[in-house]
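Peer 1: please work out how this folds:
(3 chains)
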Amino acid sequence: MDSIMHILDLIGTAVFSITGALVAGRKRMDTFGVVILGCVTAVGGGTLRDVVLGRNPVFWVSSPHYLTIAALAAIGTFVVAHRWRLPEMAIAYADAVGLAVFTVIGFQTSFQTTGSFGISIIMGMTTGVVGGIIRDVLAGEIPLIFHKEIYASASLAGAALLALSTRLQWPASLAILLSILTSLGIRLAALHWNLTLPVFPPKNQRP
Amino acid sequence: MDSIMHILDLIGTAVFSITGALVAGRKRMDTFGVVILGCVTAVGGGTLRDVVLGRNPVFWVSSPHYLTIAALAAIGTFVVAHRWRLPEMAIAYADAVGLAVFTVIGFQTSFQTTGSFGISIIMGMTTGVVGGIIRDVLAGEIPLIFHKEIYASASLAGAALLALSTRLQWPASLAILLSILTSLGIRLAALHWNLTLPVFPPKNQRP
Amino acid sequence: MDSIMHILDLIGTAVFSITGALVAGRKRMDTFGVVILGCVTAVGGGTLRDVVLGRNPVFWVSSPHYLTIAALAAIGTFVVAHRWRLPEMAIAYADAVGLAVFTVIGFQTSFQTTGSFGISIIMGMTTGVVGGIIRDVLAGEIPLIFHKEIYASASLAGAALLALSTRLQWPASLAILLSILTSLGIRLAALHWNLTLPVFPPKNQRP
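Peer 2: Take a look at the predicted model:
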């Protein structure tokens, strides 16, 4: 299970970097901007998690291969996008895998450090969504997750289920699998049917 | 005094979260965006303070009730704003209380850790104003405190007075009370008379 | 060499603060916004470096004179800009010195802590460019370094050369000098000839 999680983690890192590179491309950034935005998207969530929990140094300082993978994925995106159109739906699906896996890793990392279910649910979400928030802020946009189809709530559901199954002492591999399937299922359903949460305040009350 | 400060701290947390939720509402964010922006506004300043001072983990990891209160305040704002118009001036007054209290708590937390008056004045201001800065950046706006009526300077004045009275070894409760009244007085006066600081560079020198 | 580096470091701090104050001025911020943006630009890169590496507390808490210099430089800019037009090219040249020096200091600080060449190159760049990124985000703009003439790459080149010469055990003062001349040379050349990196994706492929 551990090695499968590690592979999924690296895939999530690469995919998040690709989304960062694509946003950089849409904003017509240069080569360096593309690589930086890719890396920041890929490691931003885990970095904030480690800083808040006081895990020193942050994970990519002790395991620099995360940055290497993120940089390569961003450069690859840059090269490929000069020739072919990237399949947007494929990237959205892969991004959903990244979100689900990062949520599990964030929860577990935090639970080992704090032993708190509540904090670990929040750290699961933080690890999953903060990279994308920083990406959008650096690109000069209001973060997507604040007003687009269900995203952070998919992460929250997966983290909450993982907390529950950890408390019930289910086998770790089953707990992880269910959590990933939950986040992934909700996120893919949201993408497919374009589901959204209620907006504040509702349109019909605005003049 | 300690328990009064703790109650004021919780009130400040709730009020800052409400201001975050209201900005999220103005930007038509969804339920989740409202809760996240509320929480970030409420704990952002104290988080940066703890990270910069190396206090690990940050305060809301060891005391999660801050996050609970912030989340409930944001959800409450969401629910209430669907039915009634929120009284803007009442919120601005409560926000001024939060600013004054957070300044004191930031100064004291930092002074216990560093023993430095200068750093603690800056940490008082950081605790008071950084949540609002993050709120505005995430909402895609230039932070209010950079160009609107006196805000950070009210916090600075309160923190500086607290440093002075700490150095003069005045009784803690008197020092705290004077600091809060100073920040609060300046901020309310600024709100009431719409006071501003000089702008850079003055208009009449622009073509 | 150490005392020359320290003087250059303080000059870099002052110059970075001036660029922050000038951006604040362009956005018509008030006195306080000018000082805060100046200080954040000056110490932002080193702060993120220290936080990521787990160096607690961050450098300006133990050496507050960095903040004093940054604040004085910002206030000075405010005062001077009310009377005279600031020489833009002189500031761009001084900023290039700051970039080159901060890169060296960031690399060395990180190398002492981690012993990793790769991480220290990244930390050199981080120290050099992150202050400007935060400045631009707070001013509501997409960071300059993502789409303007070569900037982060000048820092990268200087840091990489410093890593190489450290590995080859060249004398420290020679290594530092070469690194600074490299960053500075690339940056000044970019300013002079308006050099840019390729943009993603190229214009001629856009409809």
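
Peer 1: ok, the residue of chain A found nearest chain B to residue A:102 distance?
Peer 2: For chain A and chain B, the shortest gap (Cβ to the nearest Cβ) falls at residue A:54, measuring 2.4 Å. Placement of C-beta: from N, CA and C, glycine included. With distances taken as Cβ to Cβ, to the nearest Å, residue A:54 is found 20 Å from residue A:102.

Peer 1: comparing the two, which residue is more hemmed in?
Peer 2: Shown here are residue A:54 and residue A:102; by other Cβ atoms under 10 Å in any protein chain shown, residue A:102 has more neighbours (31 against 18).

Peer 1: hang on, the more buried one packs against residue A:127?
Peer 2: Yes - between residue A:102 and residue A:127 there is a contact at 4.8 Å, judged by Cβ atoms under 8 Å.

Peer 1: list the residues that contact both of the two?
Peer 2: Shared contacts of residue A:102 and residue A:127, defined by Cβ atoms under 8 Å, 6 or more residues apart in numbering or on different chains, comprise A:45, A:46.

Peer 1: so where's chain A uncertain?
Peer 2: Along chain A, the model assigns pLDDT under 70 to residues A:1, A:149, A:200-207.

Peer 1: hmm, try it at 90
Peer 2: Confidence mapping of chain A against pLDDT under 90 gives the ranges A:1-8, A:22-33, A:56, A:78-95, A:97-98, A:140-151, A:172-173, A:190-207.

Peer 1: state which helix of it is the longest.
Peer 2: Under DSSP state H, the helix in chain A containing the largest number of residues is helix A:88-114.

Peer 1: can you tell me which helices and strands that helix packs against?
Peer 2: Packing partners of helix A:88-114 (3 or more Cβ pairs under 8 Å, 6 or more residues apart in numbering or on different chains; DSSP states H and E): helix A:2-26, helix A:31-53, helix A:117-138, helix A:152-167, helix A:172-193.

Peer 1: quick one on the thing from earlier: OK, contacts around the residue of chain A closest to chain B?
Peer 2: If you count contacts by Cβ under 8 Å, 6+ apart, residue A:54 has them with B:56, B:57, B:58.

Peer 1: show me which residues of chain A are close to chain C?
Peer 2: A:21, A:24-25, A:27-34, A:36-37, A:47, A:51, A:56-58, A:61, A:64, A:67, A:78, A:81-82, A:137-140 (Cβ under 8 Å from any Cβ of the partner chain).

Peer 1: now stretch A:56-76: buried residues?
Peer 2: Within stretch A:56-76, the residues that count as buried by 16 or more other Cβ atoms under 10 Å in any protein chain shown are A:56-61, A:64, A:66-67, A:69-71, A:73-75.

Peer 1: show the end-to-end separation of it, please.
Peer 2: End-to-end distance for stretch A:56-76, by Cα to Cα, to the nearest Å: 31 Å.

Peer 1: list of residues touching it?
Peer 2: With contact meaning Cβ under 8 Å, 6+ apart, stretch A:56-76 is reached by A:10, A:13-18, A:20-21, A:24, A:34-35, A:37-39, A:41-43, A:46-47, A:50-51, A:109, B:56, C:52-54, C:56, C:113-114, C:116, C:118-119, C:122.

Peer 1: in ChimeraX, how would I select the buried members of those residues?
Peer 2: Only the buried entries of those go into this ChimeraX selection, using 16+ other Cβ under 10 Å:
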select /A:10,13,14,15,16,17,18,20,21,24,34,35,37,38,39,41,42,43,46,47,50,51,109 /B:56 /C:52,53,54,56,113,114,116,119,122
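
Peer 1: got the contacts of residue A:54 as JSON lines, with distance to residue C:5 and secondary structure columns?
Peer 2: Formatted as JSON lines, the contacts of residue A:54 follow (distance: Cβ to Cβ, whole Å; DSSP: H, G, I helix; E, B strand; the rest coil):
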{"residue": "B:56", "distance to residue C:5": "30", "secondary structure": "coil"}
{"residue": "B:57", "distance to residue C:5": "34", "secondary structure": "coil"}
{"residue": "B:58", "distance to residue C:5": "33", "secondary structure": "coil"}
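
Peer 1: out of those residues, the closest to chain C would be?
Peer 2: Proximity of those to chain C (Cβ to the nearest Cβ) peaks at residue B:56, which lies at 7.3 Å.

Peer 1: ok, the closest one to residue C:57 distance?
Peer 2: Counting by Cβ to Cβ, the gap from residue B:56 to residue C:57 is 11 Å.

Peer 1: now residue A:11
Peer 2: Using Cβ to Cβ, residue A:11 is found at 37 Å from residue C:57.

Peer 1: just residue A:109 next, same as before
Peer 2: Computed as Cβ to Cβ, the residue A:109 to residue C:57 distance reads 24 Å.

Peer 1: got it, and residue A:86?
Peer 2: In terms of Cβ to Cβ, residue A:86 sits 43 Å off from residue C:57.

Peer 1: follow-up on the earlier one: show me which of the buried residues of stretch A:56-76 is closest to chain C.
Peer 2: Distances from chain C to those, taken by Cβ to the nearest Cβ, are shortest for residue A:56, at 2.4 Å.

Peer 1: count of neighbours near residue A:191?
Peer 2: For residue A:191, the neighbour count with other Cβ under 10 Å is 18.

Peer 1: what is the neighbour count of the nearest residue to it once chain neighbours are set aside?
Peer 2: The shortest distance from residue A:191 to any non-neighbouring residue, by Cβ to Cβ, 6 or more residues apart in numbering or on different chains, is to residue A:92 (5.7 Å). Using other Cβ under 10 Å, residue A:92 has 14 other residues around it.

Peer 1: quick check: the gap between residue A:92 and residue A:148.
Peer 2: Taking Cβ to Cβ as the measure, residue A:92 falls 11 Å from residue A:148.

Peer 1: next: residue A:3.
Peer 2: Between residue A:3 and residue A:148 the computed distance is 34 Å (Cβ to Cβ).

Peer 1: out of these two, which sits in the busier spot?
Peer 2: Taking other Cβ under 10 Å, residue A:3 and residue A:148 do not tie; residue A:148 has more neighbours (16 against 7).

Peer 1: helix, strand, or coil at residue A:197?
Peer 2: Residue A:197 carries the three-state label coil when classified by DSSP: H, G, I helix; E, B strand; the rest coil.

Peer 1: for residue A:106, see how far away it is.
Peer 2: From residue A:197 across to residue A:106, the span is 21 Å (Cβ to Cβ).

Peer 1: just residue A:157 next, same as before
Peer 2: From residue A:157 to residue A:106 the distance is 14 Å (Cβ to Cβ).

Peer 1: more crowded one of those two?
Peer 2: It is residue A:106, of residue A:157 and residue A:106, that has more neighbours when counted by other Cβ under 10 Å, with 29 against 20.

Peer 1: quick one, what contacts the more buried one?
Peer 2: Residues in contact with residue A:106 (Cβ under 8 Å, 6+ apart) are A:45, A:46, A:49, A:120, A:123, A:124, A:125, A:126, A:127, A:128, A:159.

Peer 1: report how many residues lie close to the fifth one.
Peer 2: To tie it back to what came earlier, the one meant is residue A:123. 30.

Peer 1: surely it meets residue A:107?
Peer 2: Yes - the criterion here is Cβ under 8 Å, and residue A:123 meets it with residue A:107 at 6.5 Å.

Peer 1: in CSV, list the C-alpha atoms belonging to stretch A:183-199.
Peer 2: These are the backbone C-alpha positions of stretch A:183-199, laid out as CSV (Å, rounded to 0.1, in the frame of the first residue of the first chain):
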residue,chain,number,x,y,z
SER,A,183,-13.0,12.2,-3.0
LEU,A,184,-12.6,11.0,-6.5
GLY,A,185,-16.2,10.0,-7.0
ILE,A,186,-17.6,13.3,-5.7
ARG,A,187,-15.1,15.3,-7.7
LEU,A,188,-15.8,13.4,-11.0
ALA,A,189,-19.5,13.6,-10.4
ALA,A,190,-19.1,17.4,-9.9
LEU,A,191,-17.1,17.7,-13.1
HIS,A,192,-19.6,15.5,-15.1
TRP,A,193,-22.8,17.1,-13.9
ASN,A,194,-21.3,20.5,-13.2
LEU,A,195,-22.5,20.4,-9.6
THR,A,196,-22.1,23.5,-7.5
LEU,A,197,-22.7,24.6,-3.9
PRO,A,198,-25.1,27.3,-3.0
VAL,A,199,-23.7,30.8,-3.6
